[in-house]
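A.B. asks: Below are the sequence and a predicted model for it; my questions follow.
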Amino acid sequence: MYQHFLLFFFLFLSPTYAFLQTPSFLISDIQIEGNKRTKERVILRELDIQEGDTLSLDKWIATKERNEEWVMNTGLFTEVVLTWAEQNEGKAIITVKVREFWYIFPLVLFQLADRNFSIWWTEQNRSLERVNYGMRFFHHNLTGRRDRLRLITQLGFLKVLELAYDLPMLGDNENLGVFGDIHFSNQKQVAYITEGSRLKFFGNEEESVLLQRFRVGAGSTYRDGLFKYHTAKLFYSTSTIGDEIAALNPAYFLNELTSQQHFTFQYNFTIDRRDVKVYPIKGDQFSASVQKDGFGFSHEDINAFSSVVSYARFFPLGKKQIHSFGSKITGRYTFNRSEQPYTHTSFVGYSPNALKGYEFYVMDGLDAALLKTHFRFRLFQKDFQWGKWVFLEQFRFMPLSVYFTVNNDVGYVNAPYSGAQSTLSNQWLWGRGVGVDILFYYNRLLRFEYSFNHLGERGLFFSWDLAF
């Protein structure tokens, strides 16, 4: 009888005991599928798991989702799926299946020259003279190592010739990178001054060029682990304006100069733990940068030193975590307190530092502080399979999400020298509104917003960008 009771007790508790034990498996191999061009090490570099790790099943879902997001953030794929297959003796194979995006973009360029669509539509009367056109060639994965090549030949309002190359994976640990670019541009119309916090343009058909720029530079990157990035860049630039511009705004280059040349050093440190870099729902990002223009050489025409620091945090909302609240604070400080050239006082009003409701304005100054917040509510999400309707295979699979947004922005710009022209500087700014964001192919974003500002102005604004 006693033995029967022990047998019954053992059989009763065995399932419970087994249930309480957390099953785990040893990762015996990580296999990559679907990467026709991308090197396997580019994908493996984004994972926080590796062969030989032990992973418990109760952490598998979180690990799967986290690593899928990180691989997607490379911008190389339209879909990433992690699966595991059990083997004998508690071992398993992890498979990372990717769907590569189209990496070559030889585009016929047709682009507005103004800061946003609303300015071109209203203030510039939809003038086709303020359109850039030409050809742009982008390759976002030239050798399969996530290296990028960019060639721009642009005509129209702003004529540009530019060549740039970026190779982010070098060294034994493939955490070093190098990049370089050369840029030449000229234009017949110039935003030569800010009046009433709006850009004022001057053009002279008799002058072939009123502003000409040349820049050449190179730099390096260092990636520390999965989230930390260091970038350093040194470049030389020279700019020339027409005599009319210097006469209309003697502070354009300061002291009525018609040319400006200098070396510039930039350094940036970033910690990026956002789930989706283009349109984050959770995670955070910290960035700190310094820029030094001019090093005291006799031929240099500027001496400026500034720093920009920002921090963004995103919180998922609801049980399904498909909605979110986000906030971003940004501060800029100029260490040289003397008057700076007009070309070095621009900050608020230009992407990514535009404020809701102030799309028509720019606020110049030496220093600035911004706080931008939003609520995002997902209205719709679906993956579309276009099949043979789309002749390029890489575009046949299209993830699409639609969000309703509530936005609230606050900012202040300190302008000790240009306050008379930048009339919205030296006062608190408050913009808010609602909108609809359409996110497709994971990193393409269309925005429709109805916004207000503290002046009582309101309007419907349309833009396409990469979100804040």
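C.D. replies: Received, thanks.

A.B. asks: Phi and psi next, for the closest residue to Phe202 other than its chain neighbours.
C.D. replies: Closest residue in space to Phe202, ignoring its immediate chain neighbours: Tyr192 at 5.1 Å, by C-beta to C-beta, 6 or more residues apart in numbering. In short, each C-beta sits where N, CA and C put it, glycine included. Phi and psi for Tyr192, reported as degrees, to the nearest 10, are phi -90, psi -20.

A.B. asks: for Arg66, same thing?
C.D. replies: Here is the backbone geometry of Arg66 (degrees, to the nearest 10): phi -60, psi -50.

A.B. asks: quick one: contacts for it?
C.D. replies: For Arg66, the contact set (C-beta atoms under 8 Å, 6 or more residues apart in numbering) comprises Asp48, Asp275.

A.B. asks: picking that back up, hmm, the residue nearest to Phe202 is touching Ala251, no?
C.D. replies: No: using C-beta atoms under 8 Å, Tyr192 makes no contact with Ala251, being 10.1 Å away.

A.B. asks: Next, Tyr133: secondary structure please.
C.D. replies: strand (DSSP: H, G, I helix; E, B strand; the rest coil).

A.B. asks: Model confidence score at the nearest residue to it once chain neighbours are set aside, please.
C.D. replies: Nearest residue to Tyr133, sequence neighbours excluded (C-beta to C-beta, 6+ apart): Gly156, at 4.7 Å. Gly156 carries a pLDDT value of 75.

A.B. asks: Could you shift the numbering so residue one becomes 23, and keep it that way?
C.D. replies: In the new numbering, first residue 23, that becomes Gly178.

A.B. asks: Give me the number of neighbouring residues for Gly178.
C.D. replies: Counted with other C-beta atoms under 10 Å, the neighbours of Gly178 add up to 19.

A.B. asks: Next one: it from Leu468, what distance?
C.D. replies: If you measure Gly178 against Leu468 using C-beta to C-beta, to the nearest Å, the figure is 23 Å.

A.B. asks: and the closest residue to Thr367 other than its chain neighbours, backbone torsions?
C.D. replies: Nearest non-adjacent residue to Thr367, counting by C-beta to C-beta, 6+ apart: Asp386, 4.2 Å away. Phi and psi for Asp386, reported as degrees, to the nearest 10, are phi -90, psi 160.

A.B. asks: Which pLDDT does the model give Asp386?
C.D. replies: Confidence at Asp386, expressed as pLDDT, is 95.

A.B. asks: Equivalent analysis for Gly441, please.
C.D. replies: In this prediction, Gly441 carries a pLDDT score of 81.

A.B. asks: Is the residue nearest to Gln443 when sequence neighbours are not counted in a helix, a strand, or coil?
C.D. replies: Nearest non-adjacent residue to Gln443, counting by C-beta to C-beta, 6+ apart: Thr216, 4.7 Å away. Assigned with three-state DSSP, Thr216 falls in the strand class.

A.B. asks: again with the one 5 residues further on
C.D. replies: The three-state label given to Leu221 by three-state DSSP is strand.

A.B. asks: nearest spatial neighbour of Ile52, skipping sequence neighbours?
C.D. replies: In this structure, Ile52 finds its nearest non-sequential neighbour in Ile116, 4.7 Å apart by C-beta to C-beta, 6+ apart.

A.B. asks: Ignore what I typed, I meant Gln403.
C.D. replies: Gln403 sits nearest to Ser423 (C-beta to C-beta, 6+ apart), 4.6 Å away.

A.B. asks: what pairs with that neighbour across the strands?
C.D. replies: Gln403, Leu461 (DSSP bridges).

A.B. asks: Can you report how many residues lie near it?
C.D. replies: Ser423 - counted by other C-beta under 10 Å - has 20 other residues nearby.

A.B. asks: distance of it from Glu68?
C.D. replies: Distance, Ser423 to Glu68, by C-beta to C-beta: 22 Å.

A.B. asks: Then Arg121?
C.D. replies: Taking C-beta to C-beta, one finds Arg121 at 15 Å from Glu68.

A.B. asks: swap in Lys350?
C.D. replies: From Lys350 over to Glu68 the distance is 24 Å, taken as C-beta to C-beta.

A.B. asks: circling back: so the residue nearest to Thr367 sits against Tyr439, correct?
C.D. replies: No: the pair Asp386 / Tyr439 is not scored as a contact, 9.0 Å apart, by C-beta under 8 Å.

A.B. asks: So for these two, which sits in the more crowded spot?
C.D. replies: Under the criterion of other C-beta under 10 Å, the comparison of Asp386 against Tyr439 puts Asp386 first, with 25 against 17.

A.B. asks: still on that earlier bit, list the contacts for the residue nearest to Thr367?
C.D. replies: Asp386 neighbours (C-beta under 8 Å, 6+ apart): Thr216, Tyr364, Thr367, Ser368, Phe369, Val435, Ala437, Ser440, Gln443, Ser444, Ser447.

A.B. asks: Relative to Ser320, which of those residues is nearest.
C.D. replies: Tyr364 (23.1 Å; C-beta to C-beta).

A.B. asks: got the contact list for the closest one?
C.D. replies: Neighbour list for Tyr364: Tyr214, Ile215, Thr216, Asn271, Ala273, Tyr274, Phe275, Asp386, Ser440 [criterion: C-beta under 8 Å, 6+ apart].

A.B. asks: From Tyr439, how far off is it?
C.D. replies: To Tyr439, Tyr364 is 10 Å away according to C-beta to C-beta.

A.B. asks: intersection of neighbour lists for those two?
C.D. replies: Ala273.

A.B. asks: which residues of the protein fall in helices?
C.D. replies: For the chain, the helices defined by DSSP state H cover 24-42, 62-66, 82-94, 139-144, 265-270.

A.B. asks: who has more neighbours, Tyr214 and Ala273?
C.D. replies: The neighbour count for Tyr214 versus Ala273, taken as other C-beta under 10 Å, is higher for Tyr214 (23 against 19).

A.B. asks: got a pLDDT number for the more buried one?
C.D. replies: pLDDT, Tyr214: 92.

A.B. asks: Could you measure from it over to Arg158?
C.D. replies: From Tyr214 over to Arg158 (counting by C-beta to C-beta), the distance is 27 Å.

A.B. asks: swap in Val200?
C.D. replies: Where Arg158 is concerned, Val200 sits at a distance of 22 Å (C-beta to C-beta).

A.B. asks: Give me the more crowded residue out of these two.
C.D. replies: Neighbours of Val200 and Arg158, each counted by other C-beta under 10 Å, are more numerous for Arg158; the result is 18 against 14.

A.B. asks: pretty sure the more buried one is touching Gln176, no?
C.D. replies: Yes: look at Arg158 against Gln176 with C-beta under 8 Å: they come within range, at 7.4 Å.

A.B. asks: what's the least confident stretch among the helices of the chain?
C.D. replies: Within the helices of the chain, confidence is poorest for helix 24-42, with a mean of 45 (mean pLDDT).

A.B. asks: So Asp110 versus Ala390, what's the distance?
C.D. replies: You called it Asp, but residue 110 is Asn. Distance from Asn110 to Ala390, by C-beta to C-beta: 62 Å.
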